[in-house]
Each structure stands twice: as structure tokens, then as C-alpha cells.
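>>> I'd like to go over a predicted model; first the sequence, then the structure.
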2 protein chains.
Amino acid sequence: MDMHWTLAHRAQKMNPSVIREILKVTERPGIISFAGGLPSPKTFPVEVFSEACAKVLGDDGHSALQYAASEGLPALRQQVADMLPWAVDPAQVLITSGSQQGLDLIGKVLIDPGSRVLVETPTYLGALQAFAPMEPMVEGIASDEHGPDLHSLRHALGVEAEPGDAPEAPERRRLLQLNLDPARDFPRFMYVLPNFQNPTGRTMSEERRAALVAEAQRLGLPLLEDNPYGDLWFDTPPPAPLTARHPEGCVYLGSFSKVLAPGLRLGFMVAPPSLYPKLLQAKQAADLHTPSFNQRVVSDVLKDGFLDRHVPTIRSLYKAQRDAMLEALETHMQGLDVQWNRPAGGMFIWVQLPAGMSAIDLLPHAVDKGVAFVPGSAFYAGTADPRALRLSFVTPTVEQIRVGVEVLAQVIRDHAPHTA
Amino acid sequence: MDMHWTLAHRAQKMNPSVIREILKVTERPGIISFAGGLPSPKTFPVEVFSEACAKVLGDDGHSALQYAASEGLPALRQQVADMLPWAVDPAQVLITSGSQQGLDLIGKVLIDPGSRVLVETPTYLGALQAFAPMEPMVEGIASDEHGPDLHSLRHALGVEAEPGDAPEAPERRRLLQLNLDPARDFPRFMYVLPNFQNPTGRTMSEERRAALVAEAQRLGLPLLEDNPYGDLWFDTPPPAPLTARHPEGCVYLGSFSKVLAPGLRLGFMVAPPSLYPKLLQAKQAADLHTPSFNQRVVSDVLKDGFLDRHVPTIRSLYKAQRDAMLEALETHMQGLDVQWNRPAGGMFIWVQLPAGMSAIDLLPHAVDKGVAFVPGSAFYAGTADPRALRLSFVTPTVEQIRVGVEVLAQVIRDHAPHTA
């Protein structure tokens, strides 16, 4: 009992996930939860996995259960490269233990204590958590429904002028750095989630993508593009990834969690040749390699275009669930000063409570009546919007969505300032 | 092509694994490799895994493929606690993606840049690699065939006196720190691998364990105990783990890689309550959780005492392989000034070449003749013993062991100084 463990300074920056704490409360039986970001288990192709497990273990079980290369299974790296909508060399693909691990590896390789990292406002909480142990200074760039605001981005970079006949990027960057406070050096990267963002559900427009990439190229700002939801579009595919437009300036993170199943923890990153070796060394030190068995099973599942048949079934299920939630919001929020968006894909709707209300204060009342959500404040690097909250429409049933939104509307009505 | 990625300072400390580089060379067909630390695939219970996969997916495939708790599957945490030879609360068990990940999490939570970390001489290379990104000052404590030398340990801690009527640990520790160079603060922990160590195959004696734990308690030195090979004993089980003697002062790392299969990447750590929450937060940020599917499959395999029936078959196979290698060494190294030990379990024999020889220089000649090993120098935190090399006896067949050792002896004879 005499023991005293001296923690690293960075351990102070680690905190339990607010969402995971909320999820514990919402596991109470009878709660209709719009809080979780869990894919609908209905979409998991259990039979197909079962066949693939039998096949992988039957064909060459000994190799499937042995240690393997840190880069990942060659066949799976090739399949990932073939899947992506730009020319990707499989040598640039690193298989990760979920795309969360990609965030961890990027943090280790690119973030020094005090390094500036730019994010959207709001942004994915798991990314903030993955970066936190490396002690960055995270700065939220103001964002609208089309993505990050480029004026705010230029301001953060110390470039007030609009794009024009700028010097080439490295020169420009040196000039910029001369004018910057040395303590505020050039950001190591900007983290963006362009498709059906977690938490807002918004999609970065074609115009904003083109402009953001042009600015990143002009200023030499690396981009970290996270795309777990891109395949879950409802009517039309989203615009091309940022990385497709500027591969040497971007790291791309992808995942099989939303199109196959999250319980296998299988993701990937695509990194430029100048960065790949360090990410690989970080991967090797972190867990040697992602389970070889899981890689072989997913590689087997992917054969013969399985995703082309399977993903449309997820899209139509989630679209029906989104429509049910939008309809329920239309019906039950009438007369309340509540706003929400209409996501073109993914899993989330972003809601604004009436002026003067706080989603954090509302949550216990909602849970009391049997409905849960995640207050938006969890997703801000800086000052949070207290009125925002995130609703997931993929885990509950359509009937639960209807009932849950009605209950939520009543709770808002009961606590809205103008009805008090 | 303008892009310039600014790497974190710690990225300089990351390096490709020497062993993995050697393994690439030895994958040439026809090479007899004593280099790899791969378990024999013959020991992987493929059929049993196949049944468990079918059962897990058949019983509740949707849960097995969903996101899960960062702590790990409750049933598996209970099984791990029950397996260990001291009273372990399952709440202190954290399931990890291989025990390599345990090393990564410990590094993140306990190591600041410049923190002192003590290791045995030599020590496990993967641990050095896992700690390196956190930029510790690693110090090798002189070690003999029974484990770390306690005089050297006391010297490193600035305590020259032998144990006696010392003040209680925290007080003692404060006094120590007053006398120490502030730049050389008290070590954050000492990393030890007491059973059939990688690379030496040696086992820490009961007497040394008792004395090391007593010193660690007296001085308040945390211990990190890594035990991947403990179940692979040949004649008698090794003495009780260090952690069993002093649970609040130790973190214990275990693995299913050597008793079931490494390709599932499943390990665990047991940590005291004061440290567990931070390790859990680091785990959550690193990869959310270890694959729920893999945890359920292994939990199913472990039921009904499977390991009690299975592990003895691994022990007898590896014992026969060790015996074959010892016999071949006796036969073929005659007349050469070569020394080796007789490991009581595990996977490795540690060999000393004749005086004046270098294992690094010898390796290309050996590979040329069709035999590979790992030069011992890979395993030292400080000055390496150039004569040492590691031979793994578990992957090749008995026939390959005989032929490979004969070839190795001839290569040594051809290059030994006194025969030149």
C-alpha cells in the first residue's frame, strides 16, 4: 500500500469518454437511446462471416492464426487500394485496428506537446481523445453547413489575404512562419471528416472541398481526412475525397466498422510515401499487427463484390430510419423553436434547442422520461454551443424513433424558457 | 509535391525492428531459421477455433460483431482472473490487443520524455520499441542467470547500502530523491520478464524474485512484469509471479499468443486500482477496444478447462525441440569455445560465440550457408555483448534443428579467430 505510481504528464490529458459515460446510463432497460453511435446490428452479415471464418480456418488455419506483417495482409491492402476512388498504391495502405488506431498513430508521429492541430467546429470526440495524450493545442475552425470556413482557416494560419498570386507553398510557409508568434508554430495538420460528419451529419460541399484543398496546397497545410461513413449515402454519393485531389498532402482514414461490422476492429490508412515508414514503425510498436485472422476473414468477405450487394441494404435501412426521424421531428417539434438538419447519409441528425436552453441540463430530464441523446458540447475543441445535441437514427427501430422523438419534444416543451 | 510533414520529436526515436528486418532475409526458401520468435503453428488448435467461431456467431453473432466495452468482455476478464495464481479481482483485468499493447499503454501512462526506466540485461526488444516513442532514458541493470543483480539495482537507485532497518518506502523514497541528481529522478518502473526470458531463455530464481520484490517494496520501485511464456515450462512450473507477491506495486502482462495463437492478438494486463483508470482511458483512445469477436471466441475456447488439456501438448513438443537443439549443440560445437544455457521452458536458447567473434559479423555468413539467428546485440539497452546470439527452437523441425546446428557450427569453425 506504500506504492506511489508517478504518472506521465500526458496522463493528465486523458479523460473518460463523456459519451461512454452517458451510454452506461442509457443501458437501463426501457430507455430509447438516440445517444449511441452504434451501427444497427441488423446490418451485420453474420452468415457471411460464419462462412468466411470456416473457409479461412479450413483453407490455411495455421497461417491465419500466426503472427503477420505489421503493414497488413497483402491481399487486403490490395482490396482496399482497389476500393478507393483514386489511384492508390497498396504499398501506401496500412491496416489498422479500427480507424481509431489511425488517429492514435498520427498523434504519435505528428504531434509534439504544444503542437497546433486544427479541427472543424464541432468535431469527432474520438479524434480529440486520440490526440489528447500527445498534448496538442487543438483549435476549432469556425464551420458552417458546408464545412470549415476558409476565412477562419486563413486567420488561424496568420494569412489574412485571399488566395491570389501567392508564392509557392514552402516559400509562402517560411514567410508565414516569420510573421507568426514562435510559440504558435504552423499547425501540424487539420483534421476533417467531410462525409456525414460525426456529430453533425453534414457533408462538405464540392466547392468547399476544392477550395480547402487549394488552400492546403497553397499554404502547405497537411490534411487528415477521416471517412468512416462515406459509403452510407442515401440518394447520391458524396463528392470525391480530399485525398483523391492531393494524395501527397493528405492522410486518409477508412474503416470496415460501418459497412461490415465494428466488432472486428478493422480499419486502414492511406499515407504518402514520406510519412508511411514512421506510421508503420509506430504501428509495430503499438500492437505488432492487426489480427491476421480478422484480416483474412474480411478479405474473404470482400471477394466477389460483396460490398456492392451489401452496402445498398444498409443505405436503404438507414435512409428509412432518417426519414422516420425527420418526419417525427416535423410532427412533434411544431411550435417549438427547435432546428435540425437533413443529413444526406450516415447516422446522425444535429439538433438546436430553443434559445436559452442547454442540452446538458435537458439530458437528465429526458433520461427520466426514457429518452437519451448526446449533448453537442462533447464535440467542441473550444467554446461549445449549449443548444446543440446529437441524435443517432440507426440503432432504434422506426417505432422507437417515433415514440422517442415525441417524448423528447414533450421534455423540451416542459423545460423551454418561454413555456416556463 | 510541395508537402512538408513536420514529424514529432518522438518519431526520431521510432525505428524499424531489427528482428523483422532479419526475418525478411530469412524468408528465402531453404533457409533454416532459428531467428523468429514464432510459436510452432502445429500447436494452434485450429479445429477448436473453428467450432468456437461457429458457436459465437451462431449464438449471438450480432453482439459479437458490435462495439464493446474498452475494459474487455466481462466473461473473459473473469476467466483471466480465475487463471492467475493469486487473488485477482476481474475489475483489475484489462483486455489488450496482444501484450505488446500493454507495453504501449504503460509507456503512455508512465513515461515522460527523459523518465528513467530500468530493464534487465539483455531485455525484450519489443518492450524497448514500445517505450521508445515516449522517449525514456532506458538503463540496463546487470543481470546473471538468475535475473537482475540487486547490487546493480541499488546502485542505479542511488542506494548503496544493503537492506536493513530502512525507513518505510515513501519516506525512504523522498530521502533518496533529495540525494539524487534532479535530472536523474526516481525510475518510473523496472521492466522484467521472469519466466524463460526473451531473448535469453533464463528464469528468475525463487530467491531472486523474493529479494527483488522486497527491494522494490522497500524502495517504492514499481515493477512491470511481462509473462508471455510462463505456461511453457518443461519439467516443473516456475516460481510464483512477482505480482502475486506485491500486487499493488506491480503491473502484470499476459498473453494468449503462446498458449493458443498469436494471430488473434489477445493479451491482458492486471493493474492496481490506482493505475487502472488511466490505462483504461489510454486503451479507449488507442483503439476503443480489442475485437469483441476475438474475445468471445477465446472465451469460448477457454471453457471446460481447454488449456489444461492443450498446454501440456505444447510443453512436450517444445521440450523435445529444446532437447534436440541441446543435443545438436553438444555434438557439433565440440572443440569450439561456444557456450549456451539450458532453458527450463519457453522458446529460446542463448549462445555465446568464441572470444573475439561477433554475432552480427557472423550472421551474413550463416545466412549464406542457409541458417539464420538473431544477434544478441538487438536486445541490449546499453552496451551489447557482441558474442551473444539467440536461437529459437520452436519453429523448425527436429531434423532442421540437427542440420541447422551442424551448419552453424561449421560456420563458426570457419570464422573463429583461433582457426583463422
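Noted; the coordinates are in hand.

>>> what about A:Leu280, which helix or strand?
Element membership for A:Leu280, per DSSP states H and E: helix A:276-287.

>>> Just checking, which helix or strand succeeds that helix along the chain?
Scanning onward from helix A:276-287 (DSSP H and E), the first element met is helix A:292-302.

>>> ok and the following helix or strand past that following helix relative to helix A:292-302, angle-wise?
Once helix A:292-302 ends, the next helix or strand along the chain (criterion: DSSP H and E) is helix A:306-332. Put simply, helix A:306-332 runs at 90 degrees to helix A:292-302, going by axes from the mean of the first three to the mean of the last three CA atoms, to 10 degrees.

>>> Now the element after helix A:306-332, going C-ward?
Heading C-terminal from helix A:306-332 (DSSP H and E), you reach strand A:339-340.

>>> Please see if stretch A:288-296 touches chain B.
Yes - interface with chain B: stretch A:288-296 contributes A:Leu288, A:His289, A:Thr290, A:Pro291, A:Ser292, A:Phe293, A:Asn294 (CB under 8 Å from any CB of the partner chain). Bear in mind the C-beta positions are built from the backbone N, C-alpha and C, glycine included.

>>> how far does that stretch sit from the chain's center?
Centroid separation for stretch A:288-296 versus its chain: 23 Å, with CA atoms, centre = their mean, to the nearest Å.

>>> Same question for stretch A:300-315.
Distance, stretch centre to chain centre, for stretch A:300-315: 22 Å (CA atoms, centre = their mean).

>>> how's chain A carved up into domains?
Chain A breaks down by automatic domain parsing into domains covering A:9-45+A:308-419, A:66-305.

>>> Contact partners for A:Ala127?
A:Leu103, A:Val119, A:Tyr191, A:Leu193, A:Asp226 (CB atoms under 8 Å, 6 or more residues apart in numbering or on different chains).

>>> ok, A:Asp277 to chain B distance?
No Asp there; residue A:277 is Pro. To chain B, A:Pro277 is 7 Å away according to CB to the nearest CB, to the nearest Å.

>>> ok, back up a step: among the contacts of A:Ala127, which lie within helices?
Among the contacts of A:Ala127, the residues falling in helices (DSSP state H) are A:Leu103.

>>> Same list (the contacts of A:Ala127) but as TSV, adding distance to chain B.
TSV is the format used below for the contacts of A:Ala127 (distance: CB to the nearest CB, whole Å):
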residue	distance to chain B
A:Leu103	8
A:Val119	16
A:Tyr191	14
A:Leu193	16
A:Asp226	14
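
>>> Closest to B:Ala271 out of the contacts of A:Ala127?
A:Leu103 (23.7 Å; CB to CB).

>>> State the pLDDT value of the nearest residue to the closest one once chain neighbours are set aside.
Nearest residue to A:Leu103 in three dimensions, chain neighbours excluded: A:Ala130, at 3.6 Å (CB to CB, 6 or more residues apart in numbering or on different chains). Here, the pLDDT recorded for A:Ala130 equals 96.

>>> in what helix or strand does A:Ala130 lie?
helix A:125-131.

>>> what lines up beside the helix or strand just after that helix in the sheet?
Downstream of helix A:125-131, the next assigned helix or strand under DSSP H and E is strand A:137-141. Strand A:137-141 pairs in its sheet with strand A:116-120 (parallel), by DSSP bridges.

>>> Tell me how far the partner strand lies from the chain's centre.
So, by CA atoms, centre = their mean, the centroid of strand A:116-120 is 14 Å from its chain's centroid.

>>> Could you do stretch A:226-244 as well?
On CA atoms, centre = their mean, the centre of stretch A:226-244 falls 12 Å from the chain's centre.

>>> buried sites along that stretch?
A:226-234, A:238-239, A:241-244 (16 or more other CB atoms under 10 Å in any protein chain shown).

>>> How about A:Pro194, nearest residue that isn't a chain neighbour?
That would be A:Met204: by CB to CB, 6+ apart, it lies 3.9 Å from A:Pro194.

>>> now that neighbour, what's its secondary structure?
Taking DSSP: H, G, I helix; E, B strand; the rest coil as the rule, one finds A:Met204 in the coil state.

>>> Then A:Arg390?
A:Arg390 falls in the strand class when you classify it by three-state DSSP.

>>> and it, how far is that from A:Asn341?
Counting by CB to CB, to the nearest Å, the separation of A:Arg390 from A:Asn341 is 11 Å.

>>> cool, and A:Leu260?
A:Leu260 is 27 Å from A:Asn341, by CB to CB.

>>> Mind giving me the packing neighbours of the one helix or strand A:Arg218 maps to?
Element membership for A:Arg218, per DSSP H and E: helix A:206-219. With contacts defined as 3 or more CB pairs under 8 Å, 6 or more residues apart in numbering or on different chains; DSSP states H and E, the packing partners of helix A:206-219 are strand A:147-148, helix A:150-156, helix A:169-179, strand A:223-226, helix A:242-245.

>>> Mean pLDDT lowest where, among these?
Across the helices and strands packed on helix A:206-219, helix A:169-179 gives the lowest mean pLDDT, at a mean of 54.

>>> Give the helix, strand or coil label for the nearest residue to A:Ile22 once chain neighbours are set aside.
The shortest distance from A:Ile22 to any non-neighbouring residue, by CB to CB, 6+ apart, is to A:Ala35 (5.4 Å). Secondary structure, three-state DSSP: A:Ala35 is coil.

>>> for the residue in the stretch 251-400 of chain A that chain B sits nearest to, phi and psi?
Proximity of the stretch 251-400 of chain A to chain B (CB to the nearest CB) peaks at A:Ala261, 3.6 Å away. Main-chain torsions, A:Ala261, degrees, to the nearest 10: phi -170, psi 140.

>>> Check the buried residues of stretch A:226-244 and tell me the two furthest apart.
Checking these with CB to CB, the most distant pair is A:Phe234 and A:Thr243, at 23.0 Å.

>>> Give me the angle between the helix holding A:Leu280 and helix B:276-287.
Using the same axes, to 10 degrees: helix A:276-287 against helix B:276-287 is 140 degrees.
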